[in-house]
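Student: Let me see the structure of the following:
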Amino acid sequence: MKFAYGLATTFLIIAATAALALGQTPKMMNKEDVAATVSVMDHIWLDAARNRDGGTMAWLFADDFVEIHPGGEIVDKKQQIDQIMDPTRNIEEIHPDDIDVRYTSPDVAVLLDTTTIRGFSGGVKYDGKHKVIRVFVKQQGRWRAAGAGIAPITP
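Tutor: Sure thing, here's the model as predicted:
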């Protein structure tokens with residue numbers, strides 16, 4: 001009888017240990033999953049910018065977010081959200097095209113896109129296509145925008 005209890009206890013310990021080990025293993029996204037996720041986030045980012053949606057931007061941007069604007073201005077998370085919320089800002093058109101996820105790892109993704117922007121924001125007039133690099137990082141289990149850089153494409 002002692003043998004049966006010992007065997008049952010051993011079985012339970014093995015089963016519990018395996019369950020704990022499996023439960024602690026992070027789900028790994030493959031490169032296609034990461035690329036699809038950050039591509040959708042690219043659209044969310046620009047939709048929020050077009051709609052002056054500061055709440056979505058605050059949710060999307062990492063605390064140490066940084067963006068380089070045309071002309072070299074560098075803005076942090078608060079400055080970027082303030083510019084997006086500025087009532088004098090006028091964006092007539094903004095949308096990404098040619099999204100190209102260039103690098104992915106379990107915690108970092110870098111993409112390039114061609115974003116068409118027409119309007120005025122942050123003291124800058126935008127009128128045409130821009131090449132944009134966006135960097136996403138996985139923090140506390142979710143993807144967030146860590147940075148971006150934007151440059152006009154000269155005709």
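Student: Quick one: mean pLDDT over stretch 44-51.
Tutor: For stretch 44-51, the mean pLDDT works out to 91.
Student: you'd agree Gln80 is up against Met57?
Tutor: Yes: counting by CB atoms under 8 Å, Gln80 touches Met57, with 7.0 Å between them. Every residue, glycine included, has its C-beta placed from N, CA and C.
Student: Helices of this protein, start to end?
Tutor: Counting by DSSP state H, residue ranges of the helices within the chain are 2-24, 31-50, 54-60, 77-85.
Student: CA atoms of the last one as PDB?
Tutor: Listed in PDB are the C-alpha atoms of helix 77-85, where the atom choice follows Å, rounded to 0.1, in the frame of the first residue of the first chain:
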ATOM      1  CA  LYS A  77       5.800  60.400 -25.900                       C
ATOM      2  CA  LYS A  78       4.200  63.500 -24.300                       C
ATOM      3  CA  GLN A  79       5.300  65.900 -27.000                       C
ATOM      4  CA  GLN A  80       4.100  63.600 -29.700                       C
ATOM      5  CA  ILE A  81       0.700  63.100 -28.100                       C
ATOM      6  CA  ASP A  82       0.400  66.900 -27.500                       C
ATOM      7  CA  GLN A  83       1.100  67.500 -31.200                       C
ATOM      8  CA  ILE A  84      -1.600  65.000 -32.200                       C
ATOM      9  CA  MET A  85      -4.100  66.600 -29.800                       C
END
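Student: mind checking how far Arg144 is from Lys129?
Tutor: Using CB to CB, to the nearest Å, Arg144 is found at 26 Å from Lys129.
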